[in-house]
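>>> Turn this into a model:
(one chain, ligands or ions: 1)
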Amino acid sequence: MFDTILIANRGEIACRVMRTAQGMGLRCVAVYSEADAGAAHVQMADAAVCVGGPAPRDSYLRGDAIIAAALETGAQAIHPGYGFLSENPDFVEAVEAAGLTFIGPSAEAIRAMGLKDAAKRLMQEAGVPVVPGYLGADQDPGHLEVEAAQIGYPVLIKAVAGGGGKGMRLVERPEDFVDALERAKAEARTAFGNDAVLIEKFIEKPRHIEVQVFGDGQAAVHLFERDCSLQRRHQKVIEEAPAPGMTEEMRQAMGDAAVRAAEAIGYKGAGTVEFIVDGSEGLRPDGFWFMEMNTRLQVEHPVTEAITGVDLVEWQLRVAAGEALPLSQDELSIEGHAFEARLYAEDVPAGFLPATGRLAHLAFPGGVRADSGVRTGDVISPFYDPMIAKVVVHGPTRDIALRRLSQGLAQTQVAGTVTNLAFLGALAGHAGFAAGEVDTGLIARDLDALVAVPEPDARVIAQAALAVSGVAEAADPLTGFALWQPRAHWIRLHRGDADIAVRLRVHGPDRVTLETGGATVEAARVGGLWRFDGAPAADVHVARGRVTVFEGYGFAFDVADPLDRASSAAGDGNLIEAPMPGRVVSVAARVGAVVAKGDRLCVLEAMKMEHTLTAARDGVVAEILVSEGAQVEAGAALVRLEEA
Ligand code: ADP
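Next up is the predicted model:
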């Protein structure tokens, strides 16, 4: 076994690989870009080397710099993770030329599977069923159109160098073919620098079922299937293992085909053989076709680990170090059911736009496996994939595992960025999904319901308001009581375009009522814990003018700055009023003094913060209407200015 390995990746996969490798007693070297100097994977590593600038091509894709880092730090092997250089045969050759071990398949195996058309031809020869279609070299549009007609519509045009759904077009009618071909080729040219395409029969109601394989360079075993049919625009959203409705007969047929595929290319390490399955009439052993093989560890490998008890990274390290396959096919079996949901920083209502931001708070409940590469305080930067974590659950049955997924998502807490958590939660609660009726079109069919933005109810708003009022956590509740008791007090929150006003009344140290939108919520402190209309309070996070209530996948509100309202409401700007009830801490203004717009006039303490009130315009101080230490009502006049 190696004693030091380098992980040529970042984020959750780098952390995932290190967790196992360090657990096996290996020393781990991380590489990082300038944007990642403080990242979790760097902190976790035993040594770390900066390999360049934030853009991947300046760092994580610089094979030469990464190999140099490995040699410098005494690493004997390089684990590529997924993405970046993981399926780059030139990198594999360079690693080996430097006398290091690449933890993964050979360059030839990667090349054999690198282009979809060549891979499909190879699989056909190995007796693996492939989707009917055209894989030829003749790329003349007229010829492709004839081939498409022969295959029969609908057809799918795919970039041979494709990945991530790019360069792919569904064509339902012959008259749309030429146009779709042009667009697929243009996209493929931009994304892959290769505009060759293949044409496939489009499978209606398709399911994406893939088989995890593991080879030692000669023989291979499979670790059963994963169902990745829950996709949005060809991107996986929730994966599970085993596939719902799978029969022993079909599993055997798919497993055999996948092993044949791996053995045909002398596969070494972890790989995935992806099949498309016709789900229109249930799963049948003659209803699956090879799509492509991914020659790396996949994002969704944890669901396989959950049902087999195998640590795939441990297997990768052992096999790369020259050990035999740790288990034979007969020794592998499935236990229970597992799901993985991909939690992203993305703006779902805006069309799933990737989001950025600082994670003000990040916490996962017990009972789930959360593979993450970020921590509270970390920034989701625009340079990389905005994945926050993979939430993985396991249970004895699919039904129980799915309930655990729902619960695990509901108890996941993220503040500081928008996420797809509510969308994942809606999917986990989808009736068709629960019934196992999965196909790649499910999300698109029900998109409107799945992306509906849940609105916070009065109880949630009340919790946000009480949290920012400072009343709830007053060290000595009686002080708060004395301060607030006689007055009602307004808290203003923003959520999207909505302004939410909450009227808060303190009736005693342990009792507050909050009125918003015509509803009244009773907050009472029982045994030191607040309850709202009798139900326990959710966790709440407050920072930098934002409050997040962790109920129903989380609701975030911006706390309106009362001073913004004060200055805009101040009419001619001559009268400086208290924007909220509070105590006058100091008065800087002196009668007769000439002041300029923005000059400090007095300081008010309210909502546990000091607020500086400034002149809204140039002028002369005409009158000071309060003294230091005075308690004032909201709207009380403090200072009056007049024209100079
Ligand atoms: P990429 O490599 O770009 O991800 P794939 O070939 O893996 O492309 O296909 C991505 C997804 O597209 C599949 O998971 C499936 O949902 C859909 N798909 C691919 N081929 C077909 C087909 N022949 N018929 C129907 N859907 C397909």
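>>> Next secondary structure after the lowest-mean-pLDDT helix or strand in the chain?
Comparing every helix and strand of the chain by mean pLDDT, DSSP states H and E singles out helix 477-484 as the least confident one, with a mean of 42. Toward the C-terminus, helix 477-484 is succeeded by strand 488-495 as the next helix or strand (DSSP states H and E).
>>> Adjacent strands (with direction) for that next one?
Counting by DSSP bridges, the strands paired with strand 488-495 are strand 498-508 (antiparallel), strand 555-559 (antiparallel).
>>> Residue 200 against residue 155, yeah?
Yes: judged on CB atoms under 8 Å, residue 200 makes contact with residue 155 at a distance of 6.5 Å. Where you see a C-beta, it was placed from the backbone N, CA and C, and this is true even at glycine.
>>> Show me the common contact partners of those two, please.
Both residue 200 and residue 155 are in contact with residue 133, where contact means CB atoms under 8 Å, 6 or more residues apart in numbering.
>>> interface residues of the protein facing the ligand?
131, 156, 158, 162-166, 168, 200-203, 206, 208, 231, 234, 274, 276, 291-292, 440 (CB under 6 Å from any ligand atom).
>>> Of those, keep whichever come out buried.
131, 156, 158, 162-163, 166, 168, 200-203, 206, 208, 231, 274, 276, 291-292, 440 (16 or more other CB atoms under 10 Å).
>>> Do me a favour and get the end-to-end distance for stretch 76-85?
Terminal residues of stretch 76-85 lie 17 Å apart, using CA to CA, to the nearest Å.
>>> mean confidence for it?
Regarding stretch 76-85, the rounded mean pLDDT is 97.
>>> before we move on, what about stretch 236-248?
Mean pLDDT, stretch 236-248: 97.
>>> so how far is that stretch off the chain centroid?
Relative to its chain's centre, stretch 236-248 lies at 21 Å (CA atoms, centre = their mean, to the nearest Å).
>>> Give the buried residues for that stretch.
Buried residues in stretch 236-248 (16+ other CB under 10 Å): 236-244, 246.
>>> Report the two members of the residues you listed separated by the largest distance.
Pairwise distances across the buried residues of stretch 236-248 (CB to CB) peak at 20.0 Å, for the pair 237 and 246.
>>> Residue 20: which element?
Residue 20 is part of helix 11-23, with elements assigned from DSSP H and E.
>>> Can you give the contact residues for that helix?
Applying CB under 8 Å, 6+ apart, the contact partners of helix 11-23 are 5, 7, 9, 28, 30, 39-41, 44-46, 79, 81-83, 297, 299, 311, 313-314, 317, 371-374, 384-385, 387, 389-390.
>>> Where does the stretch 451-600 of the chain get nearest to the ligand, residue-wise?
Minimum separation of the stretch 451-600 of the chain from the ligand (CB to the nearest ligand atom) falls at residue 451, amounting to 19.5 Å.
>>> so that residue sits right up against residue 347, yeah?
No: counting by CB under 8 Å, residue 451 stays clear of residue 347, with 10.5 Å between them.
>>> if you count what's nearby, which of these two comes out ahead?
residue 451 (18 against 15; other CB atoms under 10 Å).
>>> quick one, what contacts that one?
The contact partners of residue 451, taken as CB under 8 Å, 6+ apart, are 348-349, 423, 426.
>>> What subset of these is buried?
348, 423, 426.
>>> mind giving me TSV with those and columns for secondary structure, distance to residue 591 and pLDDT?
TSV is the format used below for the buried ones among the contacts of residue 451 (DSSP: H, G, I helix; E, B strand; the rest coil; distance: CB to CB, whole Å; pLDDT from 0 to 100):
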residue	secondary structure	distance to residue 591	pLDDT
348	coil	56	94
423	helix	59	97
426	helix	61	97
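>>> Break down the stretch 301-450 of the chain into its helices, ranges please.
301-308, 312-320, 398-410, 421-428, 431-434, 442-445, 447-451 (DSSP state H, counting those that start in this stretch).
>>> Tell me which of those helices lies nearest to residue 99.
Closest among the helices of the stretch 301-450 of the chain, using CB to CB: helix 312-320, at 14.5 Å.
>>> So which bits of that closest one are buried?
312-313, 315-320.
>>> isn't residue 115 right up against residue 160?
Yes: Residue 115 is within contact range of residue 160, at 4.8 Å (criterion: CB under 8 Å).
>>> and residue 471, how many neighbours?
If we define neighbours as other CB under 10 Å, then residue 471 has 23 of them.
>>> Go ahead and confirm it touches residue 508.
No: counting by CB under 8 Å, residue 508 is not a contact partner of residue 471; they are 11.0 Å apart.
>>> For whichever residue of the stretch 1-150 of the chain sits closest to the ligand, which non-adjacent residue is closest in space?
Relative to the ligand, the nearest point of the stretch 1-150 of the chain is residue 131 (4.7 Å; CB to the nearest ligand atom). Nearest non-adjacent residue to residue 131, counting by CB to CB, 6 or more residues apart in numbering: residue 289, 4.2 Å away.
>>> Give the full set of residues in contact with the one you found.
129-132, 203, 275-277.
>>> Show me what it is bridged to.
residue 276.
>>> Report the separation between it and residue 135.
13 Å (CB to CB, to the nearest Å).
>>> Report how many residues lie close to residue 120.
23.
>>> so which helix or strand takes in it?
Per DSSP H and E: helix 116-125 holds residue 120.
>>> still on that earlier bit, tell me the one of the buried ones among the contacts of residue 451 nearest the ligand?
residue 423 (18.4 Å).
>>> How about the closest one, nearest residue that isn't a chain neighbour?
residue 348 (4.9 Å).
>>> give the contact list for that neighbour.
Per CB under 8 Å, 6+ apart, neighbours of residue 348: 418, 420, 422-423, 451, 453.
>>> To be precise, which single item in those has the lowest pLDDT?
Lowest confidence among the contacts of residue 348: residue 453, with 86.
>>> From residue 327, how far off is residue 216?
Look at residue 216 and residue 327: by CB to CB, they are 12 Å apart.
>>> Who has more neighbours out of those two?
More crowded of residue 216 and residue 327, by other CB under 10 Å: residue 216, with 20 against 16.
>>> Hmm, the more buried one is touching residue 325, no?
Yes: contact criterion CB under 8 Å: residue 216 and residue 325 qualify, at 5.0 Å.
>>> where do the contact lists of those two overlap?
Contacts common to residue 216 and residue 325, judged by CB under 8 Å, 6+ apart, are residue 319.
>>> the inter-axis angle of the strand ranked longest in the chain versus helix 421-428?
The single longest strand within the chain, with elements called by DSSP state E, is strand 220-232. Calculated by axes from the mean of the first three to the mean of the last three CA atoms, to 10 degrees, strand 220-232 forms an angle of 110 degrees with helix 421-428.
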